[in-house]
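Asks: Just to be clear, the model below is a prediction. Sequence and coordinates:
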Amino acid sequence: MPRYRDDISALRPYEVGRPIEDVAREHGLDRDSIIKLAANESPEGPFPGVIEAAAEALTSANRYPDNDLWDLSHAVADELSIEPRNLLFGNGSTALLADITNAVGGPGTNSVYGWPSFIMYRFAAIWSGTGYVEVPLDDTFSLDLDAIAAAIDEDTRVVIICNPNNPTGTIIPSDDIEAFIDGVPESVLVVVDEAYHEFVDDDRHRTAIPAALARTNVLVLRTFSKIYSLAALRVGYAVGHPSTLVELRKAQQPLTVNQVGQVAAKASLGQPEEIRRRAEANSAARHHLMGVMAERGLPYAESHTNFIFFRLGDQSRGATEEFTKRGVIIRPMSKGWARVTVGSPDENKIFVAVLDEVLESLAD
Ligand SMILES: Cc1ncc(COP(=O)(O)O)c(C=O)c1O
């Protein structure tokens, strides 16, 4: 038998919520009746014009993708009023997280981030042999920047700030993030993961892109997987100082973003009204669902995203199984908490009905 690294062997492969097919088989449900609210995906399809552009790109599938992402990097640069050299794309921002940790981490170093936060921060550390320090959230389920700053030591190479934070949906006021960045040694890379940035409608929140442009030790991560509804095509990017991005690119797989993804992402740009419409629909549904939780006395975190972190009871896995049996897949978290993605109006209605059934069954 081959010999595997102990730290890799101890991992369980990452699962993006239970697959619909699995749930259909296990519970004898019709595949089409199952709704998946477990992966923070958009309930809507791609933006107008994207499917046509992507279909056209498929006709050249015999060719390798553009390794320099010329068209997409110029289009994103225009959209953000920055330069293409301030951008580095990856096969989803998840791939960039691994590239970043590979480039700056390794044995004898560590990565610091809040917890609970996006699980891939832990995977990226482990894959690269980097140690990791997981700093508990504060009692409002927000990142505790003081505690994160205190956790940075001489071995720290990267600090990851998920803003808004997954799985809790909470935001950190941007003034606080800017002050935090000021206090981090320049040898430590600060990654601000803004995967859910477009959903936030709170004046305290701003992007950290200006800091990423001004400093060599700050990066912002963005993705086309969330509000842009392109999760299947795997396109994410980092915004940062050109000298930093040149180094990170050395840790990247070549041809990391497929051509259909590049074309689809470019075709999604320049549609601010579509972003606004989707963000507003999400915000209304999110507030409705948080209201439902409040009415039922369920603890939840104040979300600014397309998902809500809420407490179901003592046994989150058992309780989320009750949802699964009824054809609604949500994400179990630890200590009785769960995360549900805001779905379409119909999906949200079904979620609320099933929530009431589950609460009744748990009360029995
Ligand atoms: C905080 C955060 N960052 C990044 C990602 C990954 O995005 P991508 O699909 O671009 O890999 C997610 C996806 O769930 C996320 O929650």
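Replies: Noted; the coordinates are in hand.
Asks: Okay, now the unreliable bits of the protein?
Replies: When the per-residue scores of the chain are filtered using pLDDT under 70, the ranges that remain are 315-317.
Asks: Would you mind listing what in it touches the ligand?
Replies: Taking C-beta under 6 Å from any ligand atom as the measure of proximity, the chain contacts the ligand at 40, 92-94, 118, 162, 166, 193, 195, 223, 225, 231, 236. Heads up, the C-betas are built off the backbone N, CA and C, glycines and all.
Asks: would you list the residues you listed in TSV and tack on neighbour count and secondary structure?
Replies: Putting the residues of the chain next to the ligand into TSV (neighbours: other C-beta atoms under 10 Å; DSSP: H, G, I helix; E, B strand; the rest coil) gives the following:
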residue	neighbour count	secondary structure
Asn40	24	coil
Gly92	24	helix
Ser93	26	helix
Thr94	20	helix
Phe118	20	coil
Cys162	24	strand
Asn166	22	coil
Asp193	29	strand
Ala195	23	coil
Thr223	25	strand
Ser225	22	coil
Ala231	17	helix
Gly236	27	strand
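Asks: okay, among those residues, which ones form the most distant pair?
Replies: Cys162 and Ala231 (17.4 Å; C-beta to C-beta).
Asks: Now for Ala38, how many residues are close by?
Replies: Counted by other C-beta atoms under 10 Å, the residues lying close to Ala38 total 25.
Asks: pretty sure it is touching Met333, no?
Replies: No: Ala38 lies out of contact with Met333 (C-beta atoms under 8 Å); the separation is 11.0 Å.
Asks: helices and strands around the host helix or strand of Ala267, which ones?
Replies: For Ala267, the enclosing helix or strand under DSSP states H and E is helix 259-268. Other helices and strands packing on helix 259-268, by 3 or more C-beta pairs under 8 Å, 6 or more residues apart in numbering; DSSP states H and E, are helix 50-58, helix 70-80.
Asks: what about it, distance to the chain center?
Replies: Per C-alpha atoms, centre = their mean, to the nearest Å, the displacement of helix 259-268 from the mean C-alpha position of its chain is 19 Å.
Asks: before we move on, the earlier item: now, among the residues of the chain next to the ligand, which is nearest to Tyr4?
Replies: Nearest member of these to Tyr4, counting by C-beta to C-beta, is Thr94, at 22.0 Å.
Asks: May I ask you to confirm that that closest one is in contact with Ile119?
Replies: No: counting by C-beta under 8 Å, Thr94 sits too far from Ile119 to count as a contact (10.0 Å).
Asks: Would you point out which residue of this structure is nearest the ligand?
Replies: Proximity of the chain to the ligand (C-beta to the nearest ligand atom) peaks at Gly92, 2.7 Å away.
Asks: Next, the contact list for that residue, please.
Replies: Residues touching Gly92, when contacts are defined by C-beta atoms under 8 Å, 6 or more residues apart in numbering, comprise 223, 225, 234-236.
Asks: same check, this time on Leu255
Replies: Contacts here follow C-beta under 8 Å, 6+ apart; on that basis Leu255 touches 64-65, 67.
Asks: Phi, psi for it please.
Replies: Backbone torsions of Leu255, given as degrees, to the nearest 10, read phi 60, psi 40.
Asks: if we can go back for a sec, could you check how far the residue of the chain closest to the ligand is from Gly108?
Replies: Counting by C-beta to C-beta, to the nearest Å, the separation of Gly92 from Gly108 is 28 Å.
Asks: cool, Val235 as well?
Replies: Going from Val235 to Gly108 by C-beta to C-beta gives 33 Å.
Asks: quick one: which of those two has more around it?
Replies: Of the pair Val235 and Gly108, Val235 is the one with more neighbours under other C-beta under 10 Å, namely 30 against 10.
Asks: isn't the more buried one right up against Val263?
Replies: No: with the criterion set as C-beta under 8 Å, Val235 and Val263 do not qualify as a contacting pair; they are 10.0 Å apart.
Asks: intersection of neighbour lists for these two?
Replies: Counting by C-beta under 8 Å, 6+ apart, the common neighbours of Val235 and Val263 are Leu72.
Asks: Now do the domain split for the protein, please.
Replies: As recorded under automatic domain parsing, the domains making up the chain are 6-45+273-359, 50-268.
Asks: How about exporting stretch 66-74 as PDB, limited to the C-alpha atoms?
Replies: Backbone C-alpha positions of stretch 66-74 (Å, rounded to 0.1, in the frame of the first residue of the first chain) are rendered in PDB as follows:
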ATOM      1  CA  ASP A  66      -6.200  31.800 -22.400                       C
ATOM      2  CA  ASN A  67      -3.600  31.300 -19.700                       C
ATOM      3  CA  ASP A  68      -3.300  35.100 -19.300                       C
ATOM      4  CA  LEU A  69      -7.100  35.700 -19.100                       C
ATOM      5  CA  TRP A  70      -6.700  38.800 -21.300                       C
ATOM      6  CA  ASP A  71     -10.300  39.500 -22.000                       C
ATOM      7  CA  LEU A  72     -11.600  38.700 -18.500                       C
ATOM      8  CA  SER A  73      -8.900  40.500 -16.600                       C
ATOM      9  CA  HIS A  74      -9.500  43.700 -18.700                       C
END
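Asks: And that stretch, how far out from the chain middle?
Replies: On C-alpha atoms, centre = their mean, the centre of stretch 66-74 falls 23 Å from that of its chain.
Asks: How about stretch 65-75?
Replies: Mean C-alpha position of stretch 65-75 versus that of the full chain (C-alpha atoms, centre = their mean) differs by 23 Å.
Asks: Name the SS class of Glu302, please.
Replies: Of the three states, Glu302 takes coil according to DSSP: H, G, I helix; E, B strand; the rest coil.
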